[in-house]
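sequence first, predicted coordinates after that:
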Amino acid sequence: MPYVQRNHKGEITGLFAARQPQRDGSDITEPDPLPEDHPEVVAFRKRAEAFFGPPPPPRTEDELRAEMRLFQQENRRVEHEVGKIKRAVEWFDANFNQLEIALSALLATMLNIPGSRAAHAIYFSPNSFDARVEIVSNVLVQLASEKGDLSDLQPLWRFIENKIDSVRRMRNSLAHGVLHSMVIRGKSHVRFSPLAFDVIRLGRPIDKGNMPGLTASDIMQSAMSAERLVGLVDRANKVFSAHYYAAPTLPLRFEELRDCVRDVHSPLW
């Protein structure tokens with residue numbers, strides 16, 4: 001026998017298998033249930049069926065167990081994807097931090113002020129990563145244009161700078177996004193995506209049938225790029241060290257940097 005909920009006109013608006021007590025002590029259902037064949041109950045069920053269609057047939061215990069297994073399997077898959085994305089973000093953040101350290105070290109070597117931390121103070125003065133990279137790039141291009149033995153650095157640095165820009169975009173996406181588990185068109189998806197009410201970056205792609213956000217693979221790919229960039233920046237650092245110390249290894253340091261650039265032309269980039 002169902003418990004009924006009524007509106008202010010006394011019309012049935014809901015049927016429940018049990019009473020529905022509220023925190024304030026009230027109850028949205030009447031205290032006593034009505035029989036299944038009560039005319040008002042029968043009429044409400046007919047209206048609901050006309051609007052929503054006939055109710056599905058009752059499921060067997062085997063069907064319920066099978067549904068539970070599928071639910072648990074899907075839940076494990078979602079949890080696995082959540083863990084993968086969290087680990088990918090941690091790896092990216094660690095490599096991005098190392099890239100910042102490598103860039104500040106490169107600036108220190110280029111300015112060549114022994115015993116001073118002024119270069120690091122200059123690098124970390126701007127709050128934005130874009131401004132910091134611009135400082136390093138301007139100094140490097142200026143020195144490469146002034147010093148004949150460093151002129152070959154400019155095309156190599158343009159390649160490095162382009163890769164840095166790609167990693168920067170990933171960092172911005174992570175800074176302005178959140179880990180989401182979304183059900184879209186009946187299927188669960190785990191993505192690092194824009195905020196829930198961002199109708200431009202999240203809502204519109206979904207409306208067009210596209211899946212917004214970043215997968216664990218997307219983030220790991222960028223983390224790998226950041227890791228390789230640390231090696232490239234360190235190689236550029238060694239070129240400047242060889243230049244300032246008038247080391248005969250300068251051609252070798254240039255060749256090591258070129259080898260690194262050639263290596264990162266692989267599909268992994």
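Happy to help now that I have it.

and stretch 7-17, how far out from the chain middle?
45 Å (CA atoms, centre = their mean, to the nearest Å).

and what of stretch 189-207?
Centroid separation for stretch 189-207 versus its chain: 11 Å, with CA atoms, centre = their mean.

let's see that stretch as PDB, backbone CA atoms only.
Taking C-alpha atoms only, stretch 189-207 is exported to PDB below (Å, rounded to 0.1, in the frame of the first residue of the first chain):
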ATOM      1  CA  HIS A 189      33.900   9.800 -18.700                       C
ATOM      2  CA  VAL A 190      36.700  10.900 -16.500                       C
ATOM      3  CA  ARG A 191      38.500  14.100 -17.700                       C
ATOM      4  CA  PHE A 192      40.500  17.000 -16.300                       C
ATOM      5  CA  SER A 193      38.200  19.700 -17.700                       C
ATOM      6  CA  PRO A 194      37.000  23.300 -17.300                       C
ATOM      7  CA  LEU A 195      34.700  24.100 -14.300                       C
ATOM      8  CA  ALA A 196      31.200  22.700 -14.300                       C
ATOM      9  CA  PHE A 197      29.400  25.900 -15.300                       C
ATOM     10  CA  ASP A 198      31.800  27.000 -18.000                       C
ATOM     11  CA  VAL A 199      29.300  26.800 -20.800                       C
ATOM     12  CA  ILE A 200      31.800  28.000 -23.400                       C
ATOM     13  CA  ARG A 201      34.600  25.400 -22.800                       C
ATOM     14  CA  LEU A 202      32.600  22.600 -21.300                       C
ATOM     15  CA  GLY A 203      28.900  23.000 -22.300                       C
ATOM     16  CA  ARG A 204      29.300  23.900 -25.900                       C
ATOM     17  CA  PRO A 205      31.600  21.000 -26.900                       C
ATOM     18  CA  ILE A 206      29.200  18.600 -25.200                       C
ATOM     19  CA  ASP A 207      26.300  20.100 -27.100                       C
END
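
flag the shaky bits of this structure, pLDDT-wise.
Across the chain, the ranges flagged by pLDDT under 70 are 264-269.

the helix or strand harbouring residue 219 packs against which elements?
Using DSSP states H and E, residue 219 falls within helix 216-244. Contact here means 3 or more CB pairs under 8 Å, 6 or more residues apart in numbering; DSSP states H and E; on that basis helix 216-244 packs against helix 61-111, helix 153-175, helix 250-263. All C-beta atoms are positioned from the backbone trio N, CA, C, and that covers glycine.
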